[in-house]
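**Q** How does the following fold in three dimensions:
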Amino acid sequence: MFRLAAVLFLCLVLSPLRAEAGRRAYLFTWDTEAVNKGDVEIETWLWGRILVQAPNPAFDPTDPASKRALVAPGAAWLWLSPIYGLGDHIEIAFPWEAVIQPAAAGGTRITNFTAEARIRTYDPLDEEKFFRNLIRIGYQQNFNHPDNAKLAPFTPWVHLNIVNSLGDPKGSHGTLDVGAQLALNFVGTFGIRQTVGLAYTHKIADEWRLTAEYYHELNFGGAITLPNGNNAYFFYAGPSVGFSRGRVWATLGAMIGLTPDTPRVMPRFLFAIAI
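**A** Take a look at the predicted model:
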């Protein structure tokens, strides 16, 4: 899968099209840019989660292999969505997501369908505006999603993100993204996830950006836990590089786990083409 990402990124770099600013500079942090009214874009994400282990609460001293237990099994993900500029301030997206895991963890399957809107609260025609805001709301209908392992089957989640950026969204700027997700499961275990993304992207040429990003995910309610039963808290930081030319843009990078319980590495590749 990541060989495909590398090939797509190389094809983009070698494309002879006229250069334009990239659409998405970050790996996990949402930004304040959106497609314009009437425009259509096809966007895809490919990313992986490198296996992470932690002390096993059921450690058997006679079996050294049981000393460590999986926190988050290795997996690869594919996200694909059409995105449409519904108006000057609103874009809508309808992504599908699939996971690739070992057969023992459920195998390859489509995990969810989402409907979401991203609302720019600023005037997109004001190119001199320094401070910009975006609100993202979404409804995610899960099927056989790993996040639902301890919830009722087909439990949906709802999403909300408040995103603020400072600087030129088509150039160098910083972004703060504060998000919340809620599992609509009202019997037994429930799920609440709080996220924060803090990132800065620096435009080093007309077509290239370099980015540094911090992201954390705090889970509450018992839906997503560590092997010891505690709620899972994940913390990441990492770099990425962005490239844009003509009607296409791409971002490639990796997030590094900052704590023993956090997945060690999560490489991610984002690619989009306007049609």
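**Q** ok, now which ones touch Pro146?
**A** The contact partners of Pro146, taken as C-beta atoms under 8 Å, 6 or more residues apart in numbering, are 75, 99, 101, 105-106, 111. Every C-beta, even on glycine, is put in place using the N, C-alpha and C of the backbone.
**Q** Can you select the buried ones from those in ChimeraX?
**A** Buried residues among those (16 or more other C-beta atoms under 10 Å), as a ChimeraX selection:
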select :75,99,101,106,111
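**Q** Next, give me the two most distant ones among the contacts of Pro146.
**A** Pairwise distances across these peak at 12.1 Å for Ala105 and Thr111 (criterion: C-beta to C-beta).
**Q** Just the pLDDT at the closest residue to Lys129 other than its chain neighbours, thanks.
**A** Using C-beta to C-beta, 6 or more residues apart in numbering and skipping the chain neighbours, the partner closest in space to Lys129 is Tyr122 (5.7 Å). On pLDDT, Tyr122 comes in at 92.
**Q** Just confirm Tyr122 is within a helix.
**A** No: assessed with DSSP: H, G, I helix; E, B strand; the rest coil, Tyr122 is coil; it does not lie in a helix.
**Q** contacting residues for it?
**A** 32, 129, 131-133.
**Q** and what of Lys203?
**A** Going by C-beta under 8 Å, 6+ apart, Lys203 touches 168, 171-172, 209.
**Q** and which of those residues is nearest Trp249?
**A** Relative to Trp249, and with distances defined as C-beta to C-beta, the nearest of the contacts of Lys203 is Arg209, at 9.8 Å.
**Q** Look up the residues forming beta bridges with the closest one.
**A** Beta-bridge partners for Arg209, by DSSP bridges, are Lys203, Gly242.
**Q** Tell me how many other residues surround it.
**A** Using other C-beta atoms under 10 Å, Arg209 has 23 other residues around it.
**Q** hang on, it packs against Tyr200?
**A** No: using C-beta atoms under 8 Å, Arg209 makes no contact with Tyr200, being 10.2 Å away.
**Q** Looks like Ser172 contacts Trp208 (just checking).
**A** No: the criterion here is C-beta under 8 Å, and Ser172 misses it with Trp208 at 11.7 Å.
**Q** what mean pLDDT does stretch 215-234 have?
**A** For stretch 215-234, the mean per-residue pLDDT is 90.
**Q** Using CSV, write out every CA atom in that stretch.
**A** What follows is stretch 215-234, C-alpha atoms only, in CSV (Å, rounded to 0.1, in the frame of the first residue of the first chain):
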residue,chain,number,x,y,z
TYR,A,215,-1.6,15.4,18.0
HIS,A,216,-3.2,13.6,20.9
GLU,A,217,-6.3,11.4,21.4
LEU,A,218,-7.8,10.9,24.8
ASN,A,219,-10.4,8.1,25.1
PHE,A,220,-13.0,8.0,27.9
GLY,A,221,-15.9,5.6,28.8
GLY,A,222,-14.2,2.3,28.4
ALA,A,223,-14.8,1.8,24.6
ILE,A,224,-11.1,2.0,23.8
THR,A,225,-8.8,0.8,26.5
LEU,A,226,-5.3,-0.5,27.2
PRO,A,227,-4.7,-4.2,28.1
ASN,A,228,-4.8,-3.2,31.8
GLY,A,229,-8.4,-1.9,31.3
ASN,A,230,-7.5,1.8,31.6
ASN,A,231,-8.7,4.3,29.0
ALA,A,232,-6.3,4.7,26.1
TYR,A,233,-4.5,8.0,25.8
PHE,A,234,-2.3,8.4,22.7
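**Q** Mind listing what's buried along it?
**A** 215-217, 219, 221-227, 231-234.
**Q** now that stretch: how far from the chain's centre is it?
**A** On the basis of C-alpha atoms, centre = their mean, to the nearest Å, stretch 215-234 sits 17 Å off its chain's mean C-alpha point.
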